[in-house]
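A.B. asks: Here is the input, now give the coordinates:
(2 chains)
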Number of protein chains: 2
Amino acid sequence: MKIAYLGPKGTFSEEAAVRYFIEDDVEPIMYSSIFEVLEAVDEGKVDKGIVPIENALEGTITMTTDGLIHHDVWIEGEAVLPVRLQLLGNPGAKLKDIKEVWSIPPALAQCRMFTREIHAETKHYSSTAAAAEAIQKEARMDAGAVASEWAAETFGLEVIQQDIHDNDCNSTRFVIITKSPKHRVETGGKAKSMLLITPTEDRPGLLAIILNVFSSLGINLTWIESRPTKKKLGTYRFFIETAAGIEDDQLQRAKTILETYGYDVRTLGSYIKKEL
Amino acid sequence: MKIAYLGPKGTFSEEAAVRYFIEDDVEPIMYSSIFEVLEAVDEGKVDKGIVPIENALEGTITMTTDGLIHHDVWIEGEAVLPVRLQLLGNPGAKLKDIKEVWSIPPALAQCRMFTREIHAETKHYSSTAAAAEAIQKEARMDAGAVASEWAAETFGLEVIQQDIHDNDCNSTRFVIITKSPKHRVETGGKAKSMLLITPTEDRPGLLAIILNVFSSLGINLTWIESRPTKKKLGTYRFFIETAAGIEDDQLQRAKTILETYGYDVRTLGSYIKKEL
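C.D. replies: Just a heads-up that it's a prediction; the model follows:
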C-alpha cells in the first residue's frame, strides 16, 4: 500500500505516517508539499496520504484545509502526535560549544527560553529535518538543530539537550486521506465526522445558524474553522468537525436542515481519533 | 508622529502605512517582524503601528492575532488595501526574455496561470519587495519580480505586465494600533469593535453561546476567528469583531452577559473602516 506524506525524510509528518501505519505493509512516498500529497491521493497515484491539519500552538494548517476544498478526497482517519523538540548535534558535540541553533522559525520560537539561555544565534531552514540534515552534512560541532528524536535517528545525530521547548502541551493532529469512493464509514460513540459548509448567500449570522442547528440536535462540535471564500473579503466557508458519525441519524438531520436553510454541505470524512 | 510598520521598503505594509497616514506628518519606522511592530507600540517606542490582520485569499494573519493577545495595545483604525500584482523588471526588460519569476510563495501561487503561460521558473524570496530589490541589484534582464506598483516605484523598476494575478478580488486589511490609554473610541453607525473572548472552562458549545448572545441583542458580527489557547489541543479563544461601537449600550450588555456566563472579555479596540 502506497502512502503519501510531506517530506523531507525525518519530519514529524514522516514519524506520524510510520507510527500510524505501523501494522500495515506500507511503502511511504515523500512529496515536497501538502498540496502534492492531496493531489497524489486525488489522482490515484497512491492509496492513502497523511497531512497535518492543526498544531496545538500554531493553530490550523491552512494549506491542508484549502487543499481539502480543492481535491476530491475522503478523510478516513485522525492521528495526534505529541511534539517534543530536542537539540540535536553531531556525535561528541557539547552543549557549551553550541553557538548556533538551526530550525524552522516556529520551532525556534517554541524554544526561545532555551536559545536565549545558551546565547545562541538562530538560522532558518525549511523544515526541522532539513536543519538536522545540514548539521550532519556540514559536520558542525558548534551548531545544533531543533528537531525530533526521529530526526536524530534518521541522520545519526545525538540529543545534546532533551525537551528544550518552552511549552509542554504541544502536539499536531494529522488526517489520513484516501480517494472518496473507497471510504469506510465510522460509527459508534467515538466516531467523528468532518463537514465543509458553504453559505450560498452573504448576510450576518451565518455561522450562528450553523452552530444552533447542531446544538439544537444535541451534537457536540470538536473543531470549527472559517476559511475565506476567496471571492470577497469578509465572506467565509466553514469546516465543522462533529462528535458524531456521518451515518448517525442526528447528523443526517443536521445536514438536511442546513441544506434546507440554503447552505451547501459537503461531507469530507468520518473517522476515529488515534493517539500516536 | 512615529509609525511602526513591517518592512522591508516597498512592501504592501509600507504602502498601507503611507496611504493611511497621508494627511499626517509622520516618520515611518521599519521593523522586520509583526511581533516587533506590536512590541514597539506596546513599549512606547513609537506612537502608532500598522499590521496586516487578514488577506482575502490567505485568511487570518495569525502572527497578528497572537501578537495582539500578548501585547497591551489598542486597535484604533482599520484599513483595506486592494492587492494587485504586477510583473516588474529592470527598465527595458521584455516579457519574451523573462525566464524566471521571483517573489514570496503566496504571491507566486496567486499568479500561477500567468507564470505557467510564460513557462517561467519561480524563485522564493522573503517578501515581494525583497524580490523586486534583488531584480534591481542583480540587474537581471531575464528575470522579473511579482510585486506591487509601489515596489516598482521604490526600486526604479518597470511594470512589464500588469495585473498578473489569477483572482481579481484580493485585498488585505490592516489594523492601526496605539498604546491603550491614549485611545479614541469610535461611535455611530459605522463603528466596529474588536473583542477577545476567552472561555474559563472547557466544554462543548462555547462558541455557540457567544454567537447567540450577540444575535439575541441584534448585534451583527463582521469577523470571527478562533485561536488555540496553547494550553491543550482543541481549546480555543475567540476574536469577535462586531458592527457596533464599544460604547453602544447593546455591546456593553453583551459584555456583561458574557462575563456572567463565565467568559473573560477583553476589548481590543474600536474603529471605523477606511478603504485605501
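
A.B. asks: what about the closest residue to A:I164 other than its chain neighbours, neighbour count?
C.D. replies: Closest residue to A:I164 apart from its sequence neighbours, by CB to CB, 6 or more residues apart in numbering or on different chains: A:F114 at 4.2 Å. (Glycine included, C-beta is placed from N, CA and C.) Neighbourhood size, A:F114 [other CB atoms under 10 Å in any protein chain shown]: 19.

A.B. asks: okay, A:F114: pLDDT?
C.D. replies: Turning to A:F114, the model gives it a pLDDT of 94.

A.B. asks: Which strand or helix spans it?
C.D. replies: helix A:112-117 (DSSP states H and E).

A.B. asks: Now the element after the helix or strand where A:E54 lies, going C-ward?
C.D. replies: According to DSSP H and E, A:E54 maps onto strand A:48-55. Later in the chain than strand A:48-55, the nearest helix or strand by DSSP H and E is strand A:59-60.

A.B. asks: what's next to the strand holding A:E54, contact-wise?
C.D. replies: The contact list for strand A:48-55 (CB atoms under 8 Å, 6 or more residues apart in numbering or on different chains) reads A:1-6, A:12-13, A:16-17, A:20, A:34, A:37-38, A:40-41, A:60-61, A:64-65, A:67, A:73, A:76, A:79, A:83, A:106, A:170-178, A:223, B:228, B:233.

A.B. asks: how far does that strand sit from the chain's center?
C.D. replies: 4 Å (CA atoms, centre = their mean, to the nearest Å).

A.B. asks: any idea which helix or strand of chain A has the worst average confidence?
C.D. replies: helix A:105-109 (a mean of 87; mean pLDDT, DSSP states H and E).

A.B. asks: Export that one to CSV, keeping only CA atoms.
C.D. replies: C-alpha atoms of helix A:105-109 as CSV (Å, rounded to 0.1, in the frame of the first residue of the first chain):
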residue,chain,number,x,y,z
PRO,A,105,11.0,29.7,12.6
PRO,A,106,8.1,28.2,14.6
ALA,A,107,10.3,25.5,16.2
LEU,A,108,12.9,28.2,17.1
ALA,A,109,10.1,30.4,18.5
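
A.B. asks: Now tell me what touches that helix from outside.
C.D. replies: Here helix A:105-109 has contacts from A:N55, A:L57, A:E58, A:L85, A:V101, A:T115, A:T122, A:H124, A:T128, A:V146, A:A147, using CB under 8 Å, 6+ apart.

A.B. asks: Buried residues of the helix holding A:F114, list them for me.
C.D. replies: Within helix A:112-117, the residues that qualify as buried are A:F114, A:T115, counting by 16 or more other CB atoms under 10 Å in any protein chain shown.

A.B. asks: same question, stretch A:121-134
C.D. replies: A:T122, A:Y125, A:S127, A:T128, A:A129, A:A130, A:A131, A:A132, A:E133, A:A134.

A.B. asks: per-residue confidence for the second one?
C.D. replies: The one in question is A:Y125. 87.

A.B. asks: circling back to that earlier point, show the contacting residues for the residue nearest to A:I164.
C.D. replies: Contacts of A:F114 (CB under 8 Å, 6+ apart): A:L87, A:Q161, A:I164, A:H165, A:D166.

A.B. asks: ok, now how distant is the residue lying closest to the second one once chain neighbours are set aside from chain B?
C.D. replies: In space, A:Q161 comes closest to A:L87 once its chain neighbours are excluded; the distance is 4.2 Å by CB to CB, 6+ apart. Applying CB to the nearest CB, to the nearest Å, one obtains 22 Å for the distance of A:L87 from chain B.

A.B. asks: Would you confirm that A:L87 belongs to a strand?
C.D. replies: Yes: under DSSP: H, G, I helix; E, B strand; the rest coil, A:L87 sits within a strand.

A.B. asks: ok, it - how many residues close by?
C.D. replies: When neighbours are counted by other CB under 10 Å, A:L87 comes out with 27.

A.B. asks: separation between it and A:E100?
C.D. replies: A:L87 is 11 Å from A:E100, where distance means CB to CB, to the nearest Å.

A.B. asks: Need the residues touching each of these two.
C.D. replies: A:G144.

A.B. asks: can you count the residues close to A:L57?
C.D. replies: Count around A:L57 with other CB under 10 Å applied: 21.

A.B. asks: which ones are touching it?
C.D. replies: So A:L57 contacts A:P106, A:Q110, A:N167, A:N170, B:P228, B:K230 (CB under 8 Å, 6+ apart).

A.B. asks: What subset of those is buried?
C.D. replies: By 16+ other CB under 10 Å, the contacts of A:L57 give A:Q110, A:N170, B:P228, B:K230 as buried.

A.B. asks: so which of the residues you listed comes closest to A:G269?
C.D. replies: B:P228 (21.8 Å; CB to CB).

A.B. asks: What's opposite the nearest residue to that closest one once chain neighbours are set aside in the beta bridge?
C.D. replies: Spatial nearest neighbour of B:P228, chain neighbours left out: A:G59 (5.1 Å); criterion: CB to CB, 6+ apart. As for beta bridges, A:G59 partners with A:N55 under DSSP bridges.

A.B. asks: what does chain A put close to chain B?
C.D. replies: A:54-59, A:62, A:80, A:167, A:169, A:171, A:173, A:204-205, A:207-208, A:211-212, A:214-215, A:220-228, A:230-234, A:243 (CB under 8 Å from any CB of the partner chain).

A.B. asks: mind listing which of those residues are in strands?
C.D. replies: A:54-55, A:59, A:80, A:171, A:173, A:221-228 (DSSP state E).

A.B. asks: Any chance of TSV for the residues you listed, columns pLDDT?
C.D. replies: Listed next are those as TSV, based on pLDDT from 0 to 100:
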residue	pLDDT
A:E54	95
A:N55	93
A:G59	92
A:V80	97
A:S171	94
A:R173	96
A:L221	94
A:T222	94
A:W223	95
A:I224	95
A:E225	95
A:S226	95
A:R227	95
A:P228	94
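
A.B. asks: Give me the buried entries from the residues you listed.
C.D. replies: Buried among these by 16+ other CB under 10 Å: A:54-55, A:59, A:80, A:171, A:173, A:221-228.

A.B. asks: quick one: secondary structure of the closest residue to A:K2 other than its chain neighbours?
C.D. replies: Nearest non-adjacent residue to A:K2, counting by CB to CB, 6+ apart: A:V46, 4.1 Å away. Secondary structure assignment for A:V46 (three-state DSSP): coil.

A.B. asks: tell me the phi and psi of A:V46?
C.D. replies: Phi and psi for A:V46, reported as degrees, to the nearest 10, are phi -130, psi 170.

A.B. asks: what's the distance between it and chain B?
C.D. replies: Using CB to the nearest CB, A:V46 is found at 23 Å from chain B.
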